[in-house]
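1. Just a sequence and a predicted model for now, questions to come.
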Amino acid sequence: MVTATRGERAFRAVNAVFLTAVVFVTLYPFVTIVARSLSDESYLIAGKVNLVPRGFDLTAYKLVMSDSMFWTNYRNTVVYTVVATFIAIVLTTCYAYVLSKPRLRGRGALVGIAVFTMFFSGGLIPNYVLITSLGLKNSIWAVVLPNAINVFNLLVMKAFFESLPVELEEAAAVDGLSTYGTLLRIVLPLSKAVIATMVLFYAVSYWNSWFTAFLYMDRQELFPVTVYLRNLIAGATGAQGAGGVADADAVQAAATLQAVTIVLTTLPILAVYPFIQRYFVSGVMLGAVKG
Amino acid sequence: MTSGGNEITFANVTPIFPLACRKFRPVRGLRVSALSTSDPPPPTIVDAREPAGDARRRSWRHTLRRDWQLYSLALLPLLFFLVFRYLPMLGNVIAFRRFKPGGSVFGETWAGLRYFRLFFSDPTFWDVFGNTLFLGVLTLVFCFPLPIVLALLLNEVRARKLKRFVQSVSYLPHFLSIVIVAAIVMQLLSVDGTVNQLVRGLGGDAVPFLQRPEWFRTVYVSSEVWQTVGWGTILYLAALTTIDENLYEAARMDGASRWRQTWHVTLPGIRPTMVTLLILNIGSFLAVGFEKILLLYNPLTYPTADVISTYLFRIGFESSNFSYAAAIGLFEAVIGLTLVLSANAIARRTVGTSLW
């Protein structure tokens, strides 16, 4: 009995140490990036910056923040995210509502059409050809439309709508509300929580996306901020790859600028994260209920 | 969207509904299974080519008259799926035809299996195929079990606040753009970064990790673990709370140690979740982190980092050989679908859990 408790206590201690290590490893990169962004370049080059900024210096911040392209791209990210999320929510809600009606004829096929795309997709090249021939290149629609419905989110919403009591909508129908009326006045007001979750899911994915914009946009003033950051780091690796001594300074300057750009693009996410996190978790759970 | 007549009716109804709504406000997620099983969907499937008897046609007319508003809500989403999901699938026809940029969307002349033969005899393709399998297996080996381990450990934490704090922190990387993750990786691994500070501290020489092919897999998998392990615990933690406490009680009565309780009660309890996630992981096996690799690799690390999707990307957009790239993409997609279907079938036969 005594050995059991001792083992138990040992396990608790090891577990606590391990989980602390997990927390440390997860957070360390963030802290070190912030420290690097605030440090003087000479300390960076000497490899002396890890948890605390050395030679406190805001030059890099001033440099990035005075770049008008950075702000243009930041604004693009906001615009793309808002427009895309709006469209995605409307389409996803409509389709999920239709799919949630068990009595509807052809429902199985409608579900199948959506679910099949989870496991088989056209692929990069045909998509590119499609977007190009639709004339969507270098427009917001190239970023917004191709991912307007995420099937996982669709299934989450469908599961939620199915959980609403049938009697409510039957009563609405008896009282003469049309389908549109029922959806707008009865179902949607009851679905605020799930819609909020979906807005977050979509908004985060659009906020973070870079590849569609990278693929379909050639003009710098159309890029979202993720592509701005991508070009910054791609330029840096190019310089590192060349490996010349001459551009070592350029690489170092880029390193501080990168750190600053990382901080500035991550900041909004970190700022809202504590408030939105639980909605994400509940959204994932809701999806899991239906499998 | 409602007609005027409905507005009037609705006005009469409003006093009742807020009450009803409040009364019926569902506890999210709880009622799902009960309601959806009580009313199974009708087995009929829309298919215009079905042998349509008179009765059938009449009932369809009836259905349309009754449900046209519902169907109309599905129109735009269906248009989306048709244009942005199913048209590209048809677009794969360029894998069998010679495509010229600026020419017809579906290619100029029939090429048959030429492009498939081309990549089957392309040594680079088999290199990247091997890399894809290697990285895929590594990712599966680390990113699939580690969330389970972390979830089990979190489950043992009695202090709820501490548990919630660890969870919140570990979910965080999931919310970052892949570009930010790649940028952070580059900063940490740069010659003056943390990792090389450690290397120097231990008396070694700084290593330019991102330019060394032998390091790429380590870098890729560890950053993948960093970003996904916390988020991956969510479903397991949820499954763990559903395990009946009495089972543990019974196991203790039988003299089972904590380890044996974990082995015989906890793990079987979360098995359905494990199987489901495993199938999904296997399905995305070949699509290994295309975007992250694209951001992290460079010609120096191609020998280990180049995978099917990045090779395809270069063939398509750097060499402008769309038909060849589409052939590779189609091959990849078909293999992916086959993997999911077989994993699903195997899971259903062996452990009785499957996606559908």
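-> Noted; the coordinates are in hand. Residues are numbered from 1 along each chain as shown, chains lettered A, B, ... in the order given.
2. Spatially nearest residue to B:A151 (excluding sequence neighbours)?
-> Nearest non-adjacent residue to B:A151, counting by CB to CB, 6 or more residues apart in numbering or on different chains: B:Y236, 3.6 Å away. To be clear about C-beta, it is placed using only N, CA and C from the backbone, and glycine gets the same treatment.
3. Who are the contact partners of the one you found?
-> B:P147, B:I148, B:A151, B:L152, B:I270, B:T273, B:M274 (CB atoms under 8 Å, 6 or more residues apart in numbering or on different chains).
4. Need the pLDDT of it.
-> For B:Y236, the pLDDT comes out at 90.
5. Helix, strand, or coil at it?
-> What DSSP: H, G, I helix; E, B strand; the rest coil gives for B:Y236 is helix.
6. got the residue ranges for the helices in the stretch 51-200 of chain B?
-> Ranges of helices within the stretch 51-200 of chain B are B:54-81, B:87-91, B:114-120, B:123-143, B:145-156, B:160-171, B:178-189, B:194-201, based on DSSP state H, counting those that start in this stretch.
7. where in chain B is pLDDT low?
-> Filtered on pLDDT under 70, chain B yields the residue ranges B:1-54, B:101-106, B:356.
8. Tell me how many other residues surround the closest residue to chain A within it.
-> Nearest residue of chain B to chain A: B:P88, at 2.4 Å (CB to the nearest CB). For B:P88, the neighbour count with other CB atoms under 10 Å in any protein chain shown is 24.
9. nearest spatial neighbour of it, skipping sequence neighbours?
-> What sits nearest to B:P88 in space, not counting adjacent residues and going by CB to CB, 6+ apart, is A:G122, at 2.4 Å.
10. Can you tell me the element the one you found falls in?
-> Using DSSP states H and E, no element contains A:G122; it sits outside every helix and strand.
11. mind giving me the domain ranges of the chain?
-> Picked chain A for this. Domain assignment for chain A by automatic domain parsing gives A:1-57, A:72-291.
12. my question was about chain B
-> Following automatic domain parsing, one finds the domains of chain B at B:4-25+B:48-109, B:114-351.
13. A:N76 contacts A:T226, correct?
-> No: using CB atoms under 8 Å, A:N76 is not in contact with A:T226; the gap is 9.9 Å.
14. Let me see the contact set for the closest residue in space to A:S121 that isn't next to it in sequence.
-> Spatial nearest neighbour of A:S121, chain neighbours left out: B:A333 (6.3 Å); criterion: CB to CB, 6+ apart. Taking CB under 8 Å, 6+ apart, we find B:A333 in contact with A:F120, A:S121, A:G122, A:G123, B:N92.
15. ok now do residue 207, which residues does it touch?
-> Because you didn't say which chain, this covers chain A. Applying CB under 8 Å, 6+ apart to A:W207 gives the contacts A:T77, A:T81, A:P268, A:I269, B:S177.
16. Switch to chain B, please.
-> Going by CB under 8 Å, 6+ apart, B:V207 touches B:N196, B:V199, B:W215.
17. Report pLDDT for the residue nearest to B:P88.
-> Here, the pLDDT recorded for A:G122 equals 85.
18. How about the one 5 residues further on?
-> Reported pLDDT at A:N127 in the predicted model: 92.
19. I'd like to know how many residues surround B:P123.
-> Using other CB under 10 Å, B:P123 has 7 neighbouring residues.
20. my bad, should have said B:P213
-> Neighbours of B:P213 (other CB under 10 Å): 14.
21. Check the spacing between it and B:Y220 real quick.
-> Taking CB to CB, to the nearest Å as the measure, B:P213 and B:Y220 are separated by 12 Å.
22. Up against chain A, what does the stretch 201-350 of chain B have?
-> By CB under 8 Å from any CB of the partner chain, the residues of the stretch 201-350 of chain B that approach chain A are B:206, B:208, B:210-211, B:226, B:230, B:234-235, B:238, B:257-258, B:273, B:276, B:283, B:291, B:294-295, B:298-300, B:309, B:312-313, B:316-317, B:322, B:325-326, B:329-330, B:332-333, B:336-337, B:340-341.
23. which of these are buried?
-> B:210-211, B:226, B:230, B:234-235, B:238, B:258, B:273, B:276, B:283, B:291, B:294-295, B:300, B:309, B:312-313, B:316, B:322, B:325-326, B:329-330, B:332-333, B:336, B:340 (16 or more other CB atoms under 10 Å in any protein chain shown).
24. Identify the residues contacting B:F290.
-> Counting by CB under 8 Å, 6+ apart, B:F290 touches B:V307, B:S309, B:T310, B:F313.
25. got the residues you listed as JSON lines, with secondary structure columns?
-> As requested, the contacts of B:F290 are exported to JSON lines (three-state DSSP):
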{"residue": "B:V307", "secondary structure": "coil"}
{"residue": "B:S309", "secondary structure": "helix"}
{"residue": "B:T310", "secondary structure": "helix"}
{"residue": "B:F313", "secondary structure": "helix"}
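26. wait, which of these is closest to A:L183?
-> Closest approach between the contacts of B:F290 and A:L183, by CB to CB: B:S309, at 39.5 Å.
27. re earlier: among the helices of the stretch 51-200 of chain B, which is the most enclosed?
-> Most buried of the helices of the stretch 51-200 of chain B, by mean neighbour count (mean count of other CB atoms under 10 Å in any protein chain shown): helix B:178-189, with a mean of 24.
28. So that one, near chain A or not?
-> Yes: Helix B:178-189 reaches chain A (CB under 8 Å from any CB) through B:I178, B:V179, B:I180, B:A182, B:A183, B:I184, B:M186, B:Q187, B:L188.
29. Who are the contact partners of the third one?
-> Okay, so that is B:I180. With CB under 8 Å, 6+ apart, B:I180 has these contacts: A:N208, A:T226, A:L229, A:I262, A:T265, A:T266.
30. again, 10 Å this time
-> Neighbouring residues of B:I180 by CB atoms under 10 Å, 6 or more residues apart in numbering or on different chains: A:29, A:33, A:208, A:210, A:226, A:229-230, A:233, A:261-263, A:265-266, A:269, B:173.
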